[in-house]
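below are the sequence and a predicted model; questions follow.
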Amino acid sequence: MFGLDLATLRELARAVRDNIEGTAGLVDLQVEQQTHVPQLSVAVDREALYRYGASPKDVLEQIEAAVGRRTVGQIREGDRVFDLVVRLVEGARNDPDAVTRLPPHR
């Protein structure tokens, strides 16, 4: 089975499992665990970007840094080296409106 509605897919998988559970010779019946992975779709207005001297790549890199994390340098303390990363605070990373308010990357 496949589809976009994860709740419906889980329900159907349980129903199939329940219907074949007692079948003779069937061993190790399991419903594969599925997790919801949030996604952010970005529509880029190329003409507006070019007016500001930016490219779609610039926007996508900035969003990647804000929502995920981006290594921008390293900090050295003696023999130890730590990555310096940038990202939005927890609440803003899960808020599409916060992402749209990011300032232009220069």
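That came through fine. Numbering: from 1, shown residues only.

how far away from the center of its chain is stretch 37-52?
Centre-to-centre, stretch 37-52 and its host chain are 16 Å apart (CA atoms, centre = their mean, to the nearest Å).

quick one: end-to-end length of it, please.
33 Å (CA to CA, to the nearest Å).

residues making contact with that stretch?
Outside stretch 37-52, the residues that touch it by CB atoms under 8 Å, 6 or more residues apart in numbering are 55-56, 58-60, 63, 67, 94, 96, 99, 104. Heads up, the C-betas are built off the backbone N, CA and C, glycines and all.

ok, stretch 4-11 next?
Under CB under 8 Å, 6+ apart, the answer for stretch 4-11 is 1-3, 31, 34, 36.

domains of the protein?
1-37, 46-100 (automatic domain parsing).

any idea how far residue 96 is from the spatially most central residue of the chain?
When CA atoms, centre = their mean is applied to the chain, the residue found nearest the centroid is residue 39 (4.7 Å). Applying CB to CB, to the nearest Å, the value for residue 39 to residue 96 is 11 Å.

okay, and the common contacts of those two?
With contacts defined as CB under 8 Å, 6+ apart, no residue is shared by residue 39 and residue 96.

for stretch 10-18, output the C-alpha coordinates as CSV.
Included here for stretch 10-18 are C-alpha records, laid out as CSV according to Å, rounded to 0.1, in the frame of the first residue of the first chain:
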residue,chain,number,x,y,z
ARG,A,10,-1.8,2.9,9.4
GLU,A,11,-5.5,2.0,9.7
LEU,A,12,-5.4,-0.1,6.5
ALA,A,13,-2.2,-1.9,7.6
ARG,A,14,-3.8,-2.8,10.9
ALA,A,15,-6.8,-4.1,9.1
VAL,A,16,-4.7,-6.3,6.8
ARG,A,17,-2.7,-7.6,9.8
ASP,A,18,-5.8,-8.4,11.8
